[in-house]
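> Sequence first, then the predicted structure, then my questions.
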Amino acid sequence: MQRTLMWKIALIGLVALLLQVPVEMIRGLVLERKQARDGVIADIARRSSEAQKIVGPVLYVPWTRRSIETSTATDESGRSRTSSKEKIERGQVALLPATLSLDGRIDLQQKRRGIYTTHLYSLEATLRGSFVLPPGLGLAEGAGTLEWGRALLVLGIHDTRGIRDRVQLEWNGARPAVYPGGVEAAGVPAGIHADLGALAVPGAAATQEFRIVFSLLGSERLDVIPVGATTAVSLSSPWPHPSFSGKILPDGATKLGPDGFTASWRTSHFATDLAQLHQRCVQSRQCDAFNQHSLAVAFIQPVDLYQTVERSVKYGFLFIGLTFAAFFLFEVLKRLPIHPVQYALVGMALAIFFLLLISLSEHLGFAPAYALAAGSCVALIGYYVAHVLKSMRRGAAFGLALGALYGLLYVL
């Protein structure tokens, strides 16, 4: 008797292990559906606007230095000959703002394609600040004649397709025109710029103030590079589930709630070393460290549908193991022989639960889909067990126990 029981337990364990094959196949299906959803979201972003990064504004002033270079050479006859030629050096001065503040309001809009949905955000932002122009724009003195080119104010925007409406720029009370395109040294190749004309190079430090108003469409995430010597950023949105990331986190004034969030950041070059990183970006085109020094907010779904379904599938062995344990107890206590094939049939019904769950949840949501899939499997298995155990009462009791198990695993 003891030996027969051990063989029965071994067979039940083998059946439970074999049932992991269809469960893993369903898990692969969940991953496939998740990848399909991610592909649709990425395609929507490609066709509208991707995650945005704001860099700047940065002031670029090109310069040209012309000088006469002389050289003396001795020919074969021993005579010295002096020659001269013009030497031309070109470069640009890149200045970051002394003060910078960004105030923004972010609203979310839903985009749907088939059974998949994603969110795009719309940012209404105002940038304010000032540049302190050092004497001679900080360029070291040298021989020759120095010529200054037309100054450009550049605002780097990762995906310019997201720019909505006209960008408004005020520079010391004037309203220069804004054009698409940035400059290569700005760290972000795309963006917008304004031609400020020839700046009066100051002999002493001078302050120039600016104000930029713009609307920007993006998806998933917003990054801001705090380029100001002192930078203050304030963002608000009705989205209740922000995820703050980047090198800098919001300060203590952040508020989170079901009605949305309000977050603020304050930082300086003492904390970020961005002035040196930007000079490296301008001079040697090594801009990775500069671009990574951002503050960011992502608009996430805290409970992802496919993540919850995958968690349920991970509990598949627990579903099957506990159900088989209850089945085995009925068999031992009631002395009713149950064939391993009947265990396999019950296990297949449990596996079908996960298939129903992924199929229904894409249309109904996780909770209603779980209730329907669990109810269907409990009814099917309870009806089958009632005939296996030759008692409707026992079948109903087994169904209630199985329903309680599904309820417990839902809470988990």
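Sure thing, it's come through.

> need the longest strand for the chain.
Using DSSP state E, we find that the single longest strand of the chain is strand 52-74.

> For that strand, which helices and strands make contact with it?
Here strand 52-74 touches strand 80-95, strand 116-133, strand 145-148, strand 151-157, strand 191-197, strand 206-219, strand 221-225, going by 3 or more Cβ pairs under 8 Å, 6 or more residues apart in numbering; DSSP states H and E. For glycine as for every other residue, the C-beta is placed from the backbone atoms N, C-alpha and C.

> all helices for the protein, in order.
Using DSSP state H, the helices of the chain run over 2-18, 20-47, 269-272, 274-284, 288-292, 305-314, 316-334, 340-364, 366-388, 392-411.

> Now distance to Leu96, mean pLDDT and mean neighbour count too, for these, in CSV please.
Listed next are the helices of the chain as CSV, based on distance: least, Cβ to Cβ, whole Å; pLDDT from 0 to 100; neighbours: other Cβ atoms under 10 Å:
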stretch, distance to Leu96, mean pLDDT, mean neighbour count
helix 2-18, 63, 71, 12
helix 20-47, 30, 77, 15
helix 269-272, 8, 75, 16
helix 274-284, 6, 75, 17
helix 288-292, 10, 76, 16
helix 305-314, 41, 78, 18
helix 316-334, 55, 74, 17
helix 340-364, 48, 80, 18
helix 366-388, 48, 83, 18
helix 392-411, 53, 81, 15
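
> Skipping its backbone neighbours, what lies nearest Asp273 in space?
Among residues not flanking Asp273 along the chain, His293 sits closest, at 7.9 Å (Cβ to Cβ, 6 or more residues apart in numbering).

> State the distance from the one you found to His278.
10 Å (Cβ to Cβ, to the nearest Å).

> Ok, Phe330 next?
73 Å.

> Against Phe131, how distant is Asp38?
On the measure of Cβ to Cβ, Asp38 and Phe131 end up 42 Å apart.

> do Val154 as well
12 Å.

> Overlap in contacts, these two.
Residues touching both Val154 and Phe131 by Cβ atoms under 8 Å, 6 or more residues apart in numbering: Leu59.

> returning to what we had before: and the longest strand of the chain, what's buried?
52-61, 63, 65 (16 or more other Cβ atoms under 10 Å).

> can you tell me which of the residues you listed lies nearest to Ala397?
Gln52 (58.3 Å; Cβ to Cβ).

> quick one on the thing from earlier: want to throw the helices and strands packed on strand 52-74 into CSV with mean pLDDT?
Formatted as CSV, these follow (pLDDT from 0 to 100):
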stretch, mean pLDDT
strand 80-95, 73
strand 116-133, 86
strand 145-148, 76
strand 151-157, 87
strand 191-197, 84
strand 206-219, 88
strand 221-225, 88
